[in-house]
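J.: need coordinates for the following:
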Amino acid sequence: MELLPSLLSTLKTLDPGTLDQEYSMVRSQTQTLKRDLSLTTEAGALKENIKKNRYKDILPYDQSRVLLSLLTTKSDSDYINASFIKGVTADNKYIASQGPLSSTVIDFWRMIWQHDVKVIVMACREVEMGKKKCECYWAPFHQSAAFGPFTVSNQEETIHTVNFIHELFSLLLLQTSRSLIQYQFLSWPDHDIPYEATGVLDLLERARNSQGTHTSPVLIHCSAGCGRTGVICALDYIHDLLVTKQITSDFSIKKIVLELRRQRPAAVQTKDQYQFIFTAVACMFEQVLQSAKSQLYCNVSELKKPKKKTTTPASSKRLSDQIDMNDTYAVVNKPKQPHPPPTNPAHPAAVQPSKTRSLPLATHYDNASAGASAAPVYSTVKPRIKPHSLKVSATSLYDNTILSSHSPGEGAPSGINREYHLVSAEHLSSTDHDYEDISSPVADKTSLCSAGGIGFNCRIQKPRGPRDPPAEWSHLER
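T.: Okay, here's the model as predicted:
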């Protein structure tokens with residue numbers, strides 16, 4: 001990955017004239033390889049096989065040609081104009097083949113069945129520039145066609161933009177059925193190049209996903225099985241170098257093309273196709289770098305993202321809040337001034353300041369009344385649901401506080417119209433986030449709130465009865 005930026009810069013700065021000279025060197029060195037490695041084409045030149053070649057000057061090397069061992073008739077031979085191509089991780093990663101003729105369609109399916117091919121990449125159309133470039137070796141959509149002992153059913157057909165078609169075939173031989181996928185690239189003229197590289201890279205990515213973990217070779221063909229086929233093999237080979245992290249500082253597209261030509265004659269047939277490999281590889285490197293950058297950005301954003309608050313079940317709210325309060329609010333109702341001990345311990349306001357920071361979960365608070373369970377010290381504003389344990393008197397005049405009359409800024413949020421009780425802490429469960437500050441405890445029941453403050457957190461006591469009006473109110477005007 002560290003080499004990609006420098007390699008990408010080199011690919012973008014290459015001069016077209018330099019690439020033309022380099023391609024001329026590829027052609028001359030191909031002849032040297034053929035002579036030094038003693039590459040021969042004797043099988044394809046046999047009289048009985050001449051008619052099986054689409055082009056007389058494109059014959060597979062005997063050292064790398066595909067031999068057919070599956071025989072369907074007594075007259076079947078082992079010859080087909082196709083070659084094995086080595087990959088990064090496998091010796092027979094690809095089969096580079098010419099487009100089948102009408103006389104070789106059965107041989108084509110014999111090869112597919114024998115090597116259990118799962119993916120076919122077709123880089124040509126059936127007819128180009130008014131000439132037949134490839135025989136149709138499949139059936140129309142939702143139909144079946146027989147080719148000798150083979151029955152091919154076209155089960156699915158999807159057109160992806162204007163570049164290629166994806167089809168799903170079912171191949172049947174002697175009651176045994178297999179499925180395979182064909183990708184036909186539509187935007188690649190013969191002896192020419194596509195108008196953009198992304199279409200080819202997208203097709204190859206889909207083909208790799210369809211191949212999955214299958215170890216069978218990928219069948220790639222155009223018309224002659226050398227020009228466009230060689231470009232596709234080279235691009236997929238370079239992609240595998242990236243995936244397996246085998247891109248080195250001496251990375252050379254020229255060496256890769258020469259290695260392809262050692263296995264398949266005339267692979268990458270024109271200088272335009274050779275230059276297109278450089279363009280497509282630069283696009284591939286850019287995609288990889290952009291993907292790595294995006295992944296890094298996502299990881300950094302994930303680290304900076306605040307953790308989501310987990311919701312606590314209602315049954316455990318009181319317990320979890322109690323633990324948090326013990327740790328954070330050790331002394332929650334410490335009085336501002338000392339008060340004498342209360343005369344009525346049962347009264348909810350008669351609590352003593354806590355002297356411990358944290359208590360075990362199973363112990364009682366040391367400020368709880370004798371014989372009482374550990375009840376929360378906090379009071380909470382709770383929606384108007386009358387507890388069953390409270391007895392409401394018919395004469396009560398101040399059972400609740402109506403917040404609907406508040407305007408925004410007077411202690412209630414805008415738009416809220418609800419009724420609330422002010423209930424003592426022993427009848428309530430604590431909430432998740434709202435902690436209410438407790439004012440200083442008092443013993444005088446007649447006081448409405450402590451001297452500590454006035455407002456939301458006051459404990460409002462019910463008046464014992466009507467009060468006498470002020471003396472000045474009794475004066476009647478005449």
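
J.: shaky segments in the stretch 1-150 of the chain?
T.: Within the stretch 1-150 of the chain, the ranges that satisfy pLDDT under 70 run 1.

J.: recalculate using a threshold of 50.
T.: The model of the stretch 1-150 of the chain has no residue with pLDDT under 50.

J.: helices of that one, residue ranges please.
T.: 4-12, 16-36, 42-45, 47-50, 105-114 (DSSP state H, counting those that start in this stretch).

J.: name the residues that touch the fourth one?
T.: In other words, helix 47-50. Ala43, Gly44, Lys56, Ser77, Tyr79 (Cβ atoms under 8 Å, 6 or more residues apart in numbering). All C-beta atoms are positioned from the backbone trio N, CA, C, and that covers glycine.

J.: pull out the buried members of those residues.
T.: Using 16 or more other Cβ atoms under 10 Å as the burial test, the contacts of helix 47-50 include Ala43, Gly44, Tyr79 as buried.

J.: where are the low-confidence patches of the stretch 251-400 of the chain?
T.: 316-320, 322-332, 345-374, 377, 386-400.

J.: quick check: angle from the longest helix along the chain to helix 16-36?
T.: Criterion DSSP state H: the longest helix present in the chain is helix 271-304. Here the directions of helix 271-304 and helix 16-36 differ by 110 degrees (axes from the mean of the first three to the mean of the last three Cα atoms, to 10 degrees).

J.: ok, now which ones touch Leu4?
T.: Leu4 touches Ile247, Phe285, Val288, Leu289, counting by Cβ under 8 Å, 6+ apart.

J.: what's the farthest-apart pair in those residues?
T.: The span of these, defined through Cβ to Cβ, is set by Ile247 and Leu289 at 12.3 Å.

J.: who has more neighbours, the two?
T.: Each of Ile247 and Leu289 has its neighbours counted (other Cβ atoms under 10 Å); Ile247 has more, 18 against 14.

J.: quick check: Lys86 touching Gln63?
T.: No. Contact between Lys86 and Gln63 fails when scored by Cβ atoms under 8 Å: they sit 11.9 Å apart.

J.: re the thing from before, and of the contacts of Leu4, the nearest to Gly130?
T.: Of those, the one sitting nearest to Gly130 (Cβ to Cβ) turns out to be Phe285, at 38.3 Å.

J.: what's in contact with stretch 199-210?
T.: Outside stretch 199-210, the residues that touch it by Cβ under 8 Å, 6+ apart are 118-119, 121, 160-161, 163-164, 166, 181, 183, 185, 187-188, 194, 218, 231-232, 235-236, 239, 280, 283-284, 287.

J.: related to what we said a few turns ago, packing partners of the longest helix of the chain?
T.: helix 4-12, helix 16-36, helix 198-211, helix 227-243, helix 253-263 (3 or more Cβ pairs under 8 Å, 6 or more residues apart in numbering; DSSP states H and E).

J.: just to revisit the earlier point, for the contacts of stretch 199-210, I'd like a selection string for ChimeraX - just the buried members, please.
T.: Command for ChimeraX that selects the buried part of the contacts of stretch 199-210, burial taken from 16+ other Cβ under 10 Å:
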select :118,119,121,163,164,166,181,183,185,187,188,194,218,231,232,235,236,239,280,283,284
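
J.: take the helices and strands packed on helix 271-304 and write them to TSV, including distance to Lys293.
T.: Putting the helices and strands packed on helix 271-304 into TSV (distance: least, Cβ to Cβ, whole Å) gives the following:
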stretch	distance to Lys293
helix 4-12	11
helix 16-36	28
helix 198-211	18
helix 227-243	15
helix 253-263	24
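
J.: tell me the most buried of these?
T.: helix 227-243 (a mean of 23; mean count of other Cβ atoms under 10 Å).

J.: may I have the beta-bridge partners of Glu167?
T.: Legend: beta-bridge partners of Glu167 under DSSP bridges are Glu157, Gln182.

J.: got the contact list for it?
T.: By Cβ under 8 Å, 6+ apart, the neighbours of Glu167 are Trp138, Phe141, Asn154, Glu156, Glu157, Thr158, Ile181, Gln182, Gln184.

J.: what's the answer for Glu156, then?
T.: Here Glu156 is in contact with His166, Glu167, Leu168 (criterion: Cβ under 8 Å, 6+ apart).

J.: same check, this time on Ser216
T.: Shown here is Ser216, whose contacts under the criterion Cβ under 8 Å, 6+ apart are His115, Asp116, Val117, Lys118.

J.: returning to what we had before: show me which of the contacts of Glu167 are buried.
T.: Trp138, Asn154, Ile181, Gln182, Gln184.

J.: does the second one touch Cys136 like I think?
T.: No. The pair formed by Asn154 and Cys136 falls short of the contact definition of Cβ under 8 Å, at 10.9 Å.

J.: number of residues surrounding the residue lying closest to Gly44 once chain neighbours are set aside?
T.: Excluding the flanking residues, the one nearest Gly44 by Cβ to Cβ, 6 or more residues apart in numbering is Leu59, at 3.4 Å. The number of residues packed around Leu59, counting by other Cβ under 10 Å, is 21.

J.: and Leu59, what is it in contact with?
T.: Thr41, Gly44, Ala45, Asn53, Asn81, Pro265.

J.: residues near the fifth one, how many?
T.: Same thing as Asn81. Neighbour tally, Asn81, other Cβ under 10 Å: 28.

J.: contacts only, for it.
T.: Counted by Cβ under 8 Å, 6+ apart, Asn81 has contacts Gly44, Lys52, Asn53, Arg54, Ile58, Leu59, Pro60, Ser97, Gln98, Thr104, Gly225.

J.: how close does the residue nearest to Gly44 sit to Ala45?
T.: Here Leu59 is placed at a distance of 6 Å from Ala45 (Cβ to Cβ, to the nearest Å).

J.: just Val105 next, same as before
T.: Val105 sits 22 Å away from Ala45, going by Cβ to Cβ.
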